[in-house]
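S.K.: From the sequence below, what's the structure:
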Amino acid sequence: MTHRLLRTAFMALTAALAAQTALAAQTALAQTGDKAAKPGASAQIAPSDPVADLLRRQGERYHRAPDSAQDPDELRQTQAMNDEIVAQNDLAESEDRANAAAYARGQARYQAELEAAEAERLRYESDLSTAARAQDDYERQMADWRATVAACERGDRRRCNAGRQAATPH
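M.R.: Predicted coordinates:
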């Protein structure tokens, strides 16, 4: 639990550091521009410590000791935690890339299935239309045949003979 708390605090501090570094760079650039305009002004600015600046703005005092004055075990632990965070970030990034690639493959597969379903629907509608026309033709022919049979049964030779089909030679 303590490890997670330290890791979370370290990650928050790292994010704050990055934001502060960007702000310090902008400030330094602006100050460099101002000093360059004044004759004899030094164009070099002493590097600021973003953590100290952040804590100072929050009302705290912080003076970072040089690495040589810090506890070597603490420096190793800090470096190990930094390395672990970098490894976790790399893993998360590769997982994100893999997930994005899998999503893109799924989207392509889905699109192909949609297109296949649409083609199948169009084929079905065409077949349905063809079958409906064939059914209509069949019903017309059957109605004509029934009328011819009825005419033959009534003795209407003209209609009866008109409905006969010529024998087809084989």
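
S.K.: ok, then the element right after the lengthiest helix in the chain?
M.R.: Secondary structure of the chain per DSSP state H: the longest helix is helix 72-154. The first helix or strand that comes after helix 72-154 along the chain, using DSSP states H and E, is helix 157-162.

S.K.: So what does Asp156 look like in phi/psi?
M.R.: Backbone geometry at Asp156, expressed as degrees, to the nearest 10, gives phi -80, psi 90.

S.K.: Roughly how far does it sit from Pro66?
M.R.: Summarising the geometry, the distance separating Asp156 from Pro66, computed by C-beta to C-beta, to the nearest Å, is 123 Å. Bear in mind the C-beta positions are built from the backbone N, C-alpha and C, glycine included.

S.K.: So for those two, which sits in the more crowded spot?
M.R.: With other C-beta atoms under 10 Å as the criterion, Asp156 and Pro66 differ in neighbour count, and Asp156 comes out ahead with 15 against 6.

S.K.: How about the contacts made by the more buried one?
M.R.: Contact partners of Asp156, counting by C-beta atoms under 8 Å, 6 or more residues apart in numbering, are absent.

S.K.: picking up where we left off before, and the longest helix of the chain, what other elements does it pack with?
M.R.: With contacts defined as 3 or more C-beta pairs under 8 Å, 6 or more residues apart in numbering; DSSP states H and E, helix 72-154 has these neighbours: helix 2-37, helix 157-162.

S.K.: Contacts made by the last one with the rest, please.
M.R.: This means helix 157-162. When contacts are defined by C-beta under 8 Å, 6+ apart, helix 157-162 is touched by residues Ala147, Thr148, Ala151, Cys152.

S.K.: which among those residues end up buried?
M.R.: The neighbour-count criterion (16 or more other C-beta atoms under 10 Å) marks Thr148, Ala151 among those as buried.

S.K.: Using a markdown table, lay out the contacts of helix 157-162 together with pLDDT and distance to Ala92.
M.R.: Converted to a markdown table, the contacts of helix 157-162 look like this (pLDDT from 0 to 100; distance: C-beta to C-beta, whole Å):
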| residue | pLDDT | distance to Ala92 |
| --- | --- | --- |
| Ala147 | 90 | 81 |
| Thr148 | 91 | 82 |
| Ala151 | 90 | 87 |
| Cys152 | 91 | 88 |
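
S.K.: Now name the helix or strand holding Glu60.
M.R.: In this structure, Glu60 is located outside every helix and strand according to DSSP H and E.
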